[in-house]
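Visitor: The following block contains a protein sequence and its predicted model.
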Amino acid sequence: MSSIQINNVTKRFGDFTAVRDLSIDIEEGEFVALLGPSGCGKTTTMNMIAGLEEPSEGEILFDGKDLSSLRIQDRNIGFVFQNYAIFTHLSVFKNLSYGLEVKKVPKPEIERRVQAMADRMSISHRLDQPASSLSVNEMQKLAIGRSAIVEPRIFLLDEPLSNLDAGFRAYMRAELKVLQHEFGQTMIYVTHDQIEAMSLADKIAIIDQGKLMQYGAPLDIYNDPQNRFVANFVGSPRMNLVDGELREERGALHLMLHGGAEIPLSGKVRADFTRDGSVHGGSFGVRPQDIYFGDKRGSNDIAMHGKVEVLERVGPKRLAYLQVQDTLFLAFDDLDRLRVGDEVPFYLPSDKSLAFDMKTGRRLGGA
Amino acid sequence: MTDHTLTDRQPTDASRGYWQRVARDGDKMGFWFILPTFLLLLFIVIFPLFMQLYLSVTWWTPLEGIPWYSAWEVFNWGENYWFLATDPRFWGALWRTALIMIVAVPAQFLLGMALAYLFIDTFPGRKIFYSILLTPMMIVPAVVGLMFFLLFQGTGPVNAHLGLPAEFSWLTDVNRAMISVIIADIWQWTPLMFLILLAGMLGVPSDQLLAARLLGGSNWQNFVKIILPRMKTVIIIALVLRAVECFKIFDLVYIMTKGGPGVQTETISVFLYKQTFGELEWSYVAAIGLTILIVLSVIAAKGLAYMARKQG
């Protein structure tokens, strides 16, 4: 079990910069997700932590120590590959025992530990069978067990759930959380699936184009995104983010949307937009869950008017696509009264709306 | 569509006759396609084989003036085989051929394996070294023979480099002649071994190797436990191929030593050649040829059977 400090790490491949000036502190026993779209540099970051790639600049410290002089086999890092990298020519037992055998652990102890791990991962009935005969789900368990059995200092998982079917993925998500508590290990988890990251991790590092966009606890990131990218990336369904120009007329501030509609700003969100006087282009963000219909609930909430284009059932709720001129707002039909084609008023709560600088993507105001 | 035909046909295959399977569900097209090749093989493989078998049980030689198909006139009840079994020159040649095989093939295997292991990682100049390494294999064996003939002359570069006198002969020395031939064979055929083994080694999934390293396995442990077992089939192919090829070694030996000094480097092929064109003992040669064919078939069959077992 180790803490990890990533200090100003940059990784270049020729002209391409995969990771730039990345700094993340991971505490002992923490479960951290590296989240980002494909090609954002999260896998490169993990490979650098594992020692498979060397940073071009910066350093990665384990408990304050730099391990870069150690060979991969001496680093004691658990790594679960996306495709599991099971030794298909060996039995399940031999797969589990590999890390112990190469360290010359005495035979009886190997057997004891393999049996224990197999029981824990509920694959003990498969021990004598060739690993190639396992199902994908069992391979997943074997891959985790094989890495866990050597008690690595940290545990790295590269999109471990992406090959699983939906049902087992949900089960494995919960199982991983339990395992992490049992092993008490520092775990780093790479994923492009924000739901996975939100449900599993103690902390999430959101990376885009090699840069750290935000690092923090899932709820903080969800409620308080620091930039437009994070706001757009986290949350399901996605946050409504509409771009426009700020225009002040007779003391009233409007966001003139590119689609032709306008949002009359008031209250907190208005203050956010104006706090930094130099902003002209702004993005207005509001989560679908926060838009409401019916009576106005807060005095500063912004009244809008739109036409219901589509209604989509998501579980017990319905998602409404509201068209305001050329702009679409996504909202949950909280009163369950909408019909397609209706012209309805709806409200954007000022306190829960977010303001971003359109040019830089930076959050304006904020906590 | 392919899937469909494959699964459809499999269960019925066993119950059908060979020609029916060739003719593919009543469609005779396939049969006509393979017919020319089949006839060609019949004439260049099957027919000569039976001709050889026929001649090998007679005293027939081209000197007698009897046409070959009338060789039954000198039928000898397989005495050639009896003679063969007691011919010290044959056994000597067989032993020397085996010796070359026993020394050269493992040497080529070890060198090829070591080189292949070097080449699974990239390093500067990899492509150039790769090309250079493969050249010996592409040179005509006779030319390689000539090269080594010149290298191993008393006044040649080998002696000059080792600081040995011109009287220190390689090719005319009872022991060193064989060593020279083996060295030449290793030089020429290590590249082929390297090529096959490298292909096999590159076929080992790199993420599994990486996983093995991350689990703490040393390079040697991972080589023995992950790479080698996964290369089993390729290794067998390479070894069988080279063993069989080695058995047929001729050009190198004939050009470097002509089988000499005396019969010290005479291999089966050289022996056959001398019997054929020196002694004109064709029926005897036919008997030797068939015997060798059987020996080689056994080696190849053993290897292939092992492979088939491994593949399940």
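Guide: All right, it came through fine.

Visitor: Run through the residues that contact A:G281.
Guide: A:243-246, A:357-359 (C-beta atoms under 8 Å, 6 or more residues apart in numbering or on different chains). Backbone N, C-alpha and C define where each C-beta goes, glycine included.

Visitor: For it, which non-adjacent residue is spatially closest?
Guide: A:M358 (3.6 Å; C-beta to C-beta, 6 or more residues apart in numbering or on different chains).

Visitor: What distance do you get for that neighbour to A:F273?
Guide: Remark: distance between A:M358 and A:F273 (C-beta to C-beta, to the nearest Å) = 11 Å.

Visitor: Tell me which of those two has more neighbours.
Guide: Between A:M358 and A:F273, counting by other C-beta atoms under 10 Å in any protein chain shown, A:F273 is the more crowded of the two (23 against 19).

Visitor: Show me the domain layout of chain B.
Guide: B:53-85+B:288-311, B:87-279 (the TED database).

Visitor: Tell me how many other residues crowd residue 221.
Guide: Going with chain A. 27.

Visitor: was after chain B, sorry
Guide: 19.

Visitor: Correct me if wrong, but it is in a strand.
Guide: No. With DSSP: H, G, I helix; E, B strand; the rest coil as the criterion, B:Q221 is helix rather than part of a strand.

Visitor: Now do the contacts for residue 51.
Guide: Going with chain A. A:67-68, A:70, A:72, A:75, A:77.

Visitor: my bad, the chain I had in mind was chain B
Guide: B:W68.

Visitor: shaky segments in chain A?
Guide: A:366-367 (pLDDT under 70).

Visitor: For chain B, what's the nearest residue on the stretch 251-367 of chain A?
Guide: A:G361 (35.8 Å; C-beta to the nearest C-beta).

Visitor: follow-up on the earlier one: show me which of the contacts of A:G51 are buried.
Guide: A:67, A:72, A:75, A:77 (16 or more other C-beta atoms under 10 Å in any protein chain shown).

Visitor: Switch the residues you listed over to CSV; also include secondary structure and distance to B:G30.
Guide: Below are those laid out as CSV (DSSP: H, G, I helix; E, B strand; the rest coil; distance: C-beta to C-beta, whole Å):
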residue, secondary structure, distance to B:G30
A:L67, coil, 62
A:I72, helix, 53
A:R75, coil, 58
A:I77, strand, 56
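
Visitor: so which of those residues are also by chain B?
Guide: A:72, A:75, A:77 (C-beta under 8 Å from any C-beta of the partner chain).

Visitor: Nearest to chain B, out of the residues you listed: which one, please.
Guide: Checking those one by one against chain B (C-beta to the nearest C-beta), the nearest turns out to be A:I72, at 4.8 Å.

Visitor: give the contact list for the closest one.
Guide: Taking C-beta under 8 Å, 6+ apart, one finds A:50-52, B:210, B:213-214 in contact with A:I72.

Visitor: cool, and B:V263?
Guide: B:89, B:92-93, B:271.

Visitor: Now A:V190, what are its backbone angles?
Guide: phi -100, psi 130 (degrees, to the nearest 10).

Visitor: That one pairs with what?
Guide: Judged by DSSP bridges, the bridge partners of A:V190 are A:L34, A:D158.

Visitor: Kindly report the residues of the stretch 1-150 of chain A close to chain B.
Guide: Counting by C-beta under 8 Å from any C-beta, the stretch 1-150 of chain A sits next to chain B at A:50, A:52, A:72-79, A:81, A:83, A:85-90, A:98-99, A:101-103, A:146-147, A:150.

Visitor: Check those for burial and list the buried ones.
Guide: A:50, A:52, A:72-73, A:75-79, A:81, A:83, A:85-90, A:98-99, A:101-103, A:146-147, A:150.

Visitor: So which of those sit within helices?
Guide: Per DSSP state H, helices hold the following members of these: A:50, A:98-99, A:101, A:146-147.

Visitor: Could you check how far B:K310 is from B:L209?
Guide: 20 Å.

Visitor: who has more neighbours, these two?
Guide: More crowded of B:K310 and B:L209, by other C-beta under 10 Å: B:L209, with 21 against 11.

Visitor: do the helix or strand where that one lies and chain A meet?
Guide: Counting by DSSP states H and E, the element that carries B:L209 is helix B:206-214. Yes. Using C-beta under 8 Å from any C-beta, helix B:206-214 reaches chain A at B:207-208, B:210-214.

Visitor: Using ChimeraX, make a named selection holding only the buried ones among those.
Guide: Command for ChimeraX, covering only those of those found buried under the criterion 16+ other C-beta under 10 Å:
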select /B:208,210,211,212,213,214
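
Visitor: Rebuild the residues of helix B:206-214 next to chain A as CSV, extending it with distance to B:G260.
Guide: Output for these, formatted as CSV (distance: C-beta to C-beta, whole Å):
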residue, distance to B:G260
B:D207, 55
B:Q208, 52
B:L210, 54
B:A211, 56
B:A212, 52
B:R213, 53
B:L214, 58
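
Visitor: Out of the contacts of A:G281, which comes closest to B:L53?
Guide: A:D243 (89.2 Å; C-beta to C-beta).

Visitor: in the helix or strand containing the closest one, what's buried?
Guide: Taking DSSP H and E as the definition, one finds A:D243 inside strand A:240-249. Neighbour counts over strand A:240-249 (16+ other C-beta under 10 Å) mark A:240, A:242-244, A:246 as buried.

Visitor: Dump it to CSV, restricted to CA.
Guide: Taking Å, rounded to 0.1, in the frame of the first residue of the first chain, the C-alpha atoms of strand A:240-249 are listed here in CSV:
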residue,chain,number,x,y,z
ASN,A,240,-27.5,21.5,-20.9
LEU,A,241,-24.8,23.8,-22.1
VAL,A,242,-25.8,26.7,-24.4
ASP,A,243,-23.5,29.3,-25.8
GLY,A,244,-24.3,32.9,-26.5
GLU,A,245,-23.2,36.6,-26.3
LEU,A,246,-23.8,38.6,-23.1
ARG,A,247,-25.8,41.8,-23.8
GLU,A,248,-26.9,44.5,-21.4
GLU,A,249,-30.0,46.5,-22.1
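
Visitor: For that strand, which outside residues touch it?
Guide: Under C-beta under 8 Å, 6+ apart, the answer for strand A:240-249 is A:228, A:231-232, A:253-259, A:262-263, A:273, A:279-288, A:291, A:327, A:329-331, A:356, A:358.
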